[in-house]
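Visitor: Give me the fold of what follows.
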Amino acid sequence: MAISLRLSDEDSTLIKDYAKVHGISVSELIRQAVMEKIEDEYDLKAYEKAMKKYQSNPKTYTLDEVEKELGLV
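Guide: Got it, this is the predicted structure:
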């Protein structure tokens, strides 16, 4: 899939130079940046969901308790 992107000359030069310094193509740089952004947002939402669950029931378990519960010891 091809995607076009409009950039100022200054932004374009900055992106091209950054990609060159890191030895990757502009396409790969942009792909990595977008994927990292999506992953960061996904991680934040998962964290927020976990924190809500924890706040409603703040019971925690030690590693020993978890290992025993799972039959790992």
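Visitor: CA only for contacts and neighbour counts going forward, please
Guide: OK.
Visitor: longest helix anywhere in the chain?
Guide: Longest helix of the chain, by residue count under DSSP state H: helix 26-56.
Visitor: counting contacts, what elements does that one pack onto?
Guide: Where contact means 3 or more CA pairs under 8 Å, 6 or more residues apart in numbering; DSSP states H and E, helix 26-56 is packed against helix 9-21.
Visitor: Helix 26-56 and the helix it packs on, what's the angle between them?
Guide: 90 degrees (axes from the mean of the first three to the mean of the last three CA atoms, to 10 degrees).
Visitor: quick one: buried residues of helix 9-21?
Guide: The neighbour-count check on helix 9-21 (16 or more other CA atoms under 10 Å) flags 15, 19 as buried.
Visitor: how far out from the middle of the chain is it?
Guide: The chain centre lies 23 Å from the centre of helix 9-21; the measure is CA atoms, centre = their mean, to the nearest Å.
Visitor: what's the answer for stretch 46-63, then?
Guide: Its chain's C-alpha centre and that of stretch 46-63 lie 21 Å apart, by CA atoms, centre = their mean.
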